[in-house]
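# Quick one, fold the following:
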Amino acid sequence: MTGSASRADEGELTRAAWSVVVAIGLTLLVVGLVDLFLAWFPLRFGSPEWEFGTISATLNNLPVPAMGLALVLAHGVAAERRGQLAAVGIWSAFVVLFLAVCAVFYALDVPLAMRAVQDPVMRRALKAGVVKAVASLGAYGLFHMWSAVFAFRRYRKT
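Numbering: from 1, shown residues only. Predicted coordinates for the structure are as follows:
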């Protein structure tokens, strides 16, 4: 095989590989978003139990769409797709705002939950859940903030 034919084959393989990456990413994103959507409906704002449980479920379900978004971002960078980079940046910025609102609701509901639980074993489990939720809010907030900034910077360079 000649050098130029080999490079053309490598380019085609690279494009095919990135197509697989974006397909997996979009699948994870859609499946994860469906899980998140189902956790929020029917809406019951004003019920601390619902708010606390729904935000906890949301944080537990964030890894799948976050992985999908990361794969879509990687494809957007590799393929230099401006529209894809803009979409990831906008979506990530939206998620940061959404998580900030969730953090406020969660912070308001935690004291109510702590007062409602008297059993020491359940209280310990509740505290562990709160620590996990705070860590998740911070980690996913930082990830999506970084994703938004990174996507918008790549968008400007493309």
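
# What segments of the protein are helices?
Secondary structure of the chain, counting by DSSP state H: helices at 3-40, 48-61, 63-79, 82-116, 120-157.

# in the second one, what's buried?
Across helix 48-61, burial judged by 16 or more other C-beta atoms under 10 Å covers 48, 51, 52, 54, 55, 56, 58, 59, 61. Every residue, glycine included, has its C-beta placed from N, CA and C.

# and the angle from that helix to helix 120-157?
50 degrees (axes from the mean of the first three to the mean of the last three C-alpha atoms, to 10 degrees).

# Show residues contacting helix 48-61.
The contact list for helix 48-61, computed with C-beta atoms under 8 Å, 6 or more residues apart in numbering, reads 32, 35-36, 39-40, 44-45, 102, 105-106, 108-110, 112-113, 129, 132-133, 136-137, 140.

# Mark which of the residues you listed are buried, thanks.
If you count burial by 16+ other C-beta under 10 Å, the buried members of the contacts of helix 48-61 come out as 32, 35-36, 39, 102, 106, 109-110, 113, 129, 133, 136-137, 140.

# could I get those as a markdown table with pLDDT and distance to residue 75?
As requested, the buried ones among the contacts of helix 48-61 are exported to a markdown table (pLDDT from 0 to 100; distance: C-beta to C-beta, whole Å):
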| residue | pLDDT | distance to residue 75 |
| --- | --- | --- |
| 32 | 96 | 17 |
| 35 | 95 | 22 |
| 36 | 94 | 22 |
| 39 | 94 | 27 |
| 102 | 97 | 28 |
| 106 | 96 | 33 |
| 109 | 95 | 38 |
| 110 | 95 | 38 |
| 113 | 92 | 40 |
| 129 | 94 | 35 |
| 133 | 96 | 31 |
| 136 | 97 | 25 |
| 137 | 97 | 27 |
| 140 | 98 | 21 |
